[in-house]
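[1] Using only what follows, build the 3D model:
(one chain, ligands or ions: 1)
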Amino acid sequence: MSRAPLAPYPALRLRRLRQADWTRRLVRESVLTPSDLIWAMVVHEGEGRIAVPSMPGVERLSVKEAAGAAREAELLGIPAIAVFPHIDGAGKDAAGALAADPDGVIARAIKAMKDAAPGVGIMCDVALDPFTDHGHDGVIENGRIHNDATIDRLVEQGLMQARAGCDILAPSDMMDGRVGVLRRALEADGHTDVMIMSYAAKYASAFYGPYREAIGSGKLGGGGLANPPDKKTYQMDPANTEEALREVALDIAEGADMVMVKPGLPYLDIVRRVVEAFAVPTFAFQVSGEYAMIRAAGLNGWIDEERAVMESLTAFKRAGCAGVITYFAPRAARLLGA
Ligand code: PBG
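    Next up, the predicted model:
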């Protein structure tokens, strides 16, 4: 039986270009490579590797293990590692005093990783939350996160990281004005080549849950003025998008070399707007909750996990990201045949 022609464009069949692997490869618009990946990694003060229950497959690494992981990154062609510290409860206090400790686990991890793999970039969070007993990213005064008092602490922390050999400082605290103050402090201390990737548009998100377990974060909302219930007075409202552009514009004006949108997949519209509005390398953080969701569904056999990992990472490239910070980095690099 003959069919009616496809009106009104009988010759236009978009499926022609999808008919074989070779045509699909030929017209593919976005390509993910290991060079697009920043490996999100957690280090701890003890020995060996410790599993993180809410992030199956992610382990906290000792400094020694982290050095080995840096060599692995080099072999896999992963350009950089973003390192986050797990700090035992005993090492935390209200002011996050150990955040700038030059002998702390972050300083030791930076040195060990740069020694082991000098060609791999090291990026560090500039934020107090792993070191505060209340779990907030700043200094609390009268129930409020004090912006400028926090910045003073962040500068000490950032300088410690730069002196230890960190290549990229990544302020993730969302205090106003911290990028400019950090940049000036770096210049004054002679670290003219140390880069800043600001967590420019960082949202107050539920998707950070597993990370807080991974780094042993203090529990928010402990009560009263000493511990506000959430991070909504400094991290952004998930409903906003114009505000993200203002945040990014400010951070670039203050000296950020690269900017980040966080979380990742639920905020690809923000990535796209930032990429279109600014000529600056833009990254997204596929955060712990995104990792946990894909892993949980995969472990239950509810999705094809490998395909979901690669599809999600490719989506960041399609949206215009220069790269993605992800806990899947080594696995994705291996799947890419590195
Ligand atoms: C701390 C920080 C957080 C993450 C990175 N740096 C958590 C938070 O802001 O509460 C989240 C990372 C993740 O969820 O993978 N400033």
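
[2] who in the stretch 101-250 of the chain is up against the ligand?
    Applying C-beta under 6 Å from any ligand atom, we find that the stretch 101-250 of the chain lies next to the ligand at D125, A127, D129, D137, S172, D173, Y208, Y211, K231. The way it works is simple: take the backbone N, C-alpha and C, and place the C-beta from them, glycine included.

[3] Dihedrals phi and psi, the residue most central in space within the chain?
    Of all residues in the chain, the one closest to the mean position by C-alpha atoms, centre = their mean is F285, 4.0 Å from it. Backbone torsions of F285, given as degrees, to the nearest 10, read phi -110, psi 110.

[4] I'd like the residues of the stretch 101-250 of the chain next to the ligand as JSON lines, with neighbour count and pLDDT appended.
    JSON lines is the format used below for these (neighbours: other C-beta atoms under 10 Å; pLDDT from 0 to 100):
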{"residue": "D125", "neighbour count": "23", "pLDDT": "98"}
{"residue": "A127", "neighbour count": "27", "pLDDT": "97"}
{"residue": "D129", "neighbour count": "26", "pLDDT": "97"}
{"residue": "D137", "neighbour count": "25", "pLDDT": "96"}
{"residue": "S172", "neighbour count": "22", "pLDDT": "98"}
{"residue": "D173", "neighbour count": "26", "pLDDT": "96"}
{"residue": "Y208", "neighbour count": "21", "pLDDT": "98"}
{"residue": "Y211", "neighbour count": "24", "pLDDT": "96"}
{"residue": "K231", "neighbour count": "22", "pLDDT": "96"}
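
[5] Could I get those residues in TSV, plus columns for secondary structure?
    Shown next, in TSV, are these (DSSP: H, G, I helix; E, B strand; the rest coil):
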residue	secondary structure
D125	strand
A127	coil
D129	helix
D137	coil
S172	coil
D173	coil
Y208	helix
Y211	helix
K231	coil
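
[6] Show me which of these is closest to E306.
    Within those, proximity to E306 (C-beta to C-beta) peaks at Y211, which comes in at 22.9 Å.

[7] Am I right that the closest one is in contact with F285?
    No - using C-beta atoms under 8 Å, Y211 is not in contact with F285; the gap is 9.9 Å.

[8] all strands for the stretch 51-200 of the chain, in order.
    59-61, 80-85, 121-126, 139-141, 144-146, 168-171, 195-202 (DSSP state E, counting those that start in this stretch).
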